[in-house]
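A.B. asks: okay, predicted coordinates and the sequence, questions at the end:
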2 protein chains.
Amino acid sequence: MSEPKHGPRVLEVPPGDDRERLVCPECRFVHYDNPRVIVGSVCSSGDDILICRRAIEPRRGYWTLPAGFLELNETTEDGAKREAWEEARAKIEVEQLLAVYDVPHISQVQLIFRATLIDRNVRAGPESEEVRLVPFEQIPWGDIAFPSVRWALEHFRQVRDQRTFVPFNNPPGQSGAPPSGAHNPGAL
Amino acid sequence: MSEPKHGPRVLEVPPGDDRERLVCPECRFVHYDNPRVIVGSVCSSGDDILICRRAIEPRRGYWTLPAGFLELNETTEDGAKREAWEEARAKIEVEQLLAVYDVPHISQVQLIFRATLIDRNVRAGPESEEVRLVPFEQIPWGDIAFPSVRWALEHFRQVRDQRTFVPFNNPPGQSGAPPSGAHNPGAL
């Protein structure tokens, strides 16, 4: 990323703080930047899973789950419902927390729920090129947008027949960070 | 809160966005404000629970759990360990996610873990007046800092003898919002 030409951009330790924050040299505004929360869901209807083909970067054209940034004053469950609607025009019932994934290299915490579709009437929202309801065997595993999408789908499969379960975390040894110069691969 | 005298302070919908964000009228910097993640833990040692008396506002002098804002590039578990060290000089082993609490009126998502103390050698860090290791009956229930501290302690008690369990959410009907004009009662 190129350096922004205005706004908070100089690293300083503000008075009373113990670590560097971005400060605007013109107006002295301190930007307290914090990790962001991603909320999303694995939504099923019978044997089928809802997947969305991304219409936006990063990873445009690749397949993901309905998920995105939690907004201010929103609960995590409401955020997951909103994302299902925005990306797939899907109305869902949230069942239980499926997983919490840490993606520290991009400062994300991802809360992924297990959910069921209230009806099968889904269609692409503005951030999706296409949405599909497919059985597990028809998931395009070679064209998944991000590692955590694959994790969530595989974790979902493991507890599919269980009424309750302990939520998953990152698979052992996996942080979601790129193995090489891949583009922002942990983002949802 | 009084309006800040500089920095992002005017609500505008930035180009390509779909909701109002704070923009700085001088430098045009857009402040994308997002919910913050609180990480913390209920730490036990035998029959005792670690509690901390707050040395800072809000709710100075009241009792809390070691918890605070997740920092950039930090995993949630590492954040909980850091907070235990900063507030109580406690070294902990994180066991499992105890609860996820939504506190939307202050845009917080709280991830509280069940943890054990590696040793009983704890002492107040800079944000605590005092720390104690006390059995459940000696918790000062009348002087708890925030609703979610009470929730976490009560949820911990419910699964204390269970090796694994489904994490808790907010108690039914409770959002952590103030019943009246109480000061920021959901914050940790």
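C.D. replies: Received, thanks. Residues are numbered from 1 along each chain as shown, chains lettered A, B, ... in the order given.

A.B. asks: up against chain B, what does chain A have?
C.D. replies: Neighbours of chain B within chain A, by CB under 8 Å from any CB of the partner chain: A:4, A:6-8, A:19, A:24, A:26-31, A:33-37, A:69-78, A:96-97, A:100, A:102, A:104-105, A:107, A:109, A:111, A:164-167. Quick note: C-beta positions are derived from backbone N, CA and C, even for glycine.

A.B. asks: gap between residue A:40 and chain B?
C.D. replies: Note on residue A:40: its distance to chain B, by CB to the nearest CB, to the nearest Å, is 14 Å.

A.B. asks: next one, pLDDT for that residue please.
C.D. replies: We have a pLDDT of 98 for residue A:40.

A.B. asks: which residues pair with it across the strands?
C.D. replies: residue A:67, residue A:112 (DSSP bridges).

A.B. asks: that one contacts residue A:86, correct?
C.D. replies: No - Residue A:40 lies out of contact with residue A:86 (CB atoms under 8 Å); the separation is 11.2 Å.

A.B. asks: one step back: filter the residues of chain A next to chain B down to the buried ones, ChimeraX style.
C.D. replies: Buried residues within the residues of chain A next to chain B, by 16 or more other CB atoms under 10 Å in any protein chain shown, are selected in ChimeraX with:
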select /A:7,8,24,26,27,29,31,35,36,37,69,70,71,74,75,76,77,78,96,97,100,102,104,107,109,111,165,167
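
A.B. asks: tell me which of the residues of chain A next to chain B fall in strands.
C.D. replies: A:30, A:31, A:36, A:37, A:69, A:96, A:97, A:100, A:102, A:109, A:111 (DSSP state E).

A.B. asks: take those and write them to JSON lines, including pLDDT.
C.D. replies: Output for those, formatted as JSON lines (pLDDT from 0 to 100):
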{"residue": "A:30", "pLDDT": "82"}
{"residue": "A:31", "pLDDT": "79"}
{"residue": "A:36", "pLDDT": "96"}
{"residue": "A:37", "pLDDT": "98"}
{"residue": "A:69", "pLDDT": "95"}
{"residue": "A:96", "pLDDT": "97"}
{"residue": "A:97", "pLDDT": "98"}
{"residue": "A:100", "pLDDT": "98"}
{"residue": "A:102", "pLDDT": "98"}
{"residue": "A:109", "pLDDT": "98"}
{"residue": "A:111", "pLDDT": "98"}
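
A.B. asks: circling back to that earlier point, more neighbours: which of residue A:40 and residue A:86?
C.D. replies: Just comparing residue A:40 and residue A:86: by other CB atoms under 10 Å in any protein chain shown the higher neighbour count belongs to residue A:40, 28 against 16.

A.B. asks: tell me where chain A has helices.
C.D. replies: Listed in chain order, the helices of chain A (DSSP state H) span A:76-88, A:147-159.

A.B. asks: right, and these - which one's nearest residue A:46?
C.D. replies: Proximity to residue A:46 (CB to CB) singles out helix A:147-159 among the helices of chain A, at 14.0 Å.

A.B. asks: residues in contact with that closest one?
C.D. replies: A:40, A:42, A:44, A:49, A:63-65, A:98-99, A:101, A:103, A:110, A:112, A:114, A:136, A:139, A:141, A:144, A:165, A:168, A:170-171, A:174, A:176, A:185-186, A:188 (CB atoms under 8 Å, 6 or more residues apart in numbering or on different chains).

A.B. asks: work out the gap between the helix-or-strand element of chain A with minimal mean pLDDT and the centre of the chain.
C.D. replies: Every helix and strand in chain A was compared by mean pLDDT, DSSP states H and E; the lowest is strand A:30-31, with a mean of 80. Centre-to-centre, strand A:30-31 and its host chain are 25 Å apart (CA atoms, centre = their mean, to the nearest Å).
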